[in-house]
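need a 3D model of the following:
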Amino acid sequence: MRENRLRTRWQQGEAALCAWLTIPSSFSAEVMAHTGFDCLTLDLQHGLIDYQTAVPMLQAISTTAVTPLARVPWNEPGVMMKLLDAGCYGIICPMINNVDEAVAFVRACRYPPAGIRSYGPRRAMLYAGDDYPAAANDTVLAIAMIETADGLANVDAIAALPGIDALYIGPADLSLALGRSQRTDQTDPVLVDALETILAAARRHGKVAGLHTATPAYAHAMIEKGFQLVTVATDVGFLEAEARRVAAAARGSVSTGQAAGPY
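Residues are numbered from 1 along each chain as shown. Down below sits the predicted model:
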């Protein structure tokens, strides 16, 4: 079975650099797959991607060694199963609030007896190999997003759950949930403390901690802190920031090169 390079990096104690894909284009996905990131996440929650555009994007990514992930719209088993069948090597599930929701998420990602995933991995076998059905449960990643007040309160129990491979922080939603200003690269002491709490829970239970960031400097600082899955902006963010920078430079002015938002 094709190696899940994220698992390998994490087992070696290394961090993985990720980028988020929100543009529904196989060509832009192919371009992003050749830029040096360890993994790419198709955002089916807030991006413009649906299943029909996700499949050719996964096909484009699979021409490289980059690990394909997908963030699903919600904790709904059918969508997760279809994306795994299409060849995603990990599912990021938003708004995990408690252990029951985490259990439902994990079970949707695992074949029986460990879970309830239905059998039919046609493209996944083309991508990963004929032994995919036997190895999938130990290869596919289940990554729970901690981005609500309830999720933060229950983070230790969620991290302790067998089958959860990583905790991924959505800083924008977590900021709003804690009554703070929405921001990606957070310096607010309340959010900094929350990030530390989630990171500590992941470490305590031998799980990976991940985080969405907006700038390379903040991403590097979070890797130094111990986060092993760090996303730096999005495809549309890179496009927007660079377009702003070039347009400003052509007019003889200066642009920060910063995208308008996290997605």
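
could you pull out the helices for the protein?
Secondary structure of the chain (DSSP state H): helices at 5-11, 26-33, 51-61, 77-85, 99-108, 122-128, 132-135, 149-153, 155-160, 171-177, 189-204, 216-225, 235-250.

least confident of the ones you listed, on average?
Among the helices of the chain, helix 235-250 carries the lowest mean pLDDT, at a mean of 93.

now Ile223: closest residue in space, sequence neighbours ignored.
Residue nearest to Ile223 in three dimensions, not counting chain neighbours: Ala15, with 4.5 Å by Cβ to Cβ, 6 or more residues apart in numbering. Glycine gets a C-beta too; all of them are placed from N, C-alpha and C.

just to revisit the earlier point, including mean neighbour count and distance to Cys39, could the helices of the chain go into JSON lines?
Converted to JSON lines, the helices of the chain look like this (neighbours: other Cβ atoms under 10 Å; distance: least, Cβ to Cβ, whole Å):
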{"stretch": "helix 5-11", "mean neighbour count": "17", "distance to Cys39": "6"}
{"stretch": "helix 26-33", "mean neighbour count": "18", "distance to Cys39": "10"}
{"stretch": "helix 51-61", "mean neighbour count": "19", "distance to Cys39": "9"}
{"stretch": "helix 77-85", "mean neighbour count": "19", "distance to Cys39": "14"}
{"stretch": "helix 99-108", "mean neighbour count": "19", "distance to Cys39": "19"}
{"stretch": "helix 122-128", "mean neighbour count": "18", "distance to Cys39": "14"}
{"stretch": "helix 132-135", "mean neighbour count": "16", "distance to Cys39": "19"}
{"stretch": "helix 149-153", "mean neighbour count": "18", "distance to Cys39": "22"}
{"stretch": "helix 155-160", "mean neighbour count": "19", "distance to Cys39": "21"}
{"stretch": "helix 171-177", "mean neighbour count": "20", "distance to Cys39": "19"}
{"stretch": "helix 189-204", "mean neighbour count": "17", "distance to Cys39": "18"}
{"stretch": "helix 216-225", "mean neighbour count": "16", "distance to Cys39": "14"}
{"stretch": "helix 235-250", "mean neighbour count": "15", "distance to Cys39": "14"}
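
want to throw the ones you listed into JSON lines with distance to Asp43?
JSON lines is the format used below for the helices of the chain (distance: least, Cβ to Cβ, whole Å):
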{"stretch": "helix 5-11", "distance to Asp43": "17"}
{"stretch": "helix 26-33", "distance to Asp43": "12"}
{"stretch": "helix 51-61", "distance to Asp43": "10"}
{"stretch": "helix 77-85", "distance to Asp43": "12"}
{"stretch": "helix 99-108", "distance to Asp43": "17"}
{"stretch": "helix 122-128", "distance to Asp43": "20"}
{"stretch": "helix 132-135", "distance to Asp43": "24"}
{"stretch": "helix 149-153", "distance to Asp43": "19"}
{"stretch": "helix 155-160", "distance to Asp43": "22"}
{"stretch": "helix 171-177", "distance to Asp43": "13"}
{"stretch": "helix 189-204", "distance to Asp43": "21"}
{"stretch": "helix 216-225", "distance to Asp43": "17"}
{"stretch": "helix 235-250", "distance to Asp43": "9"}
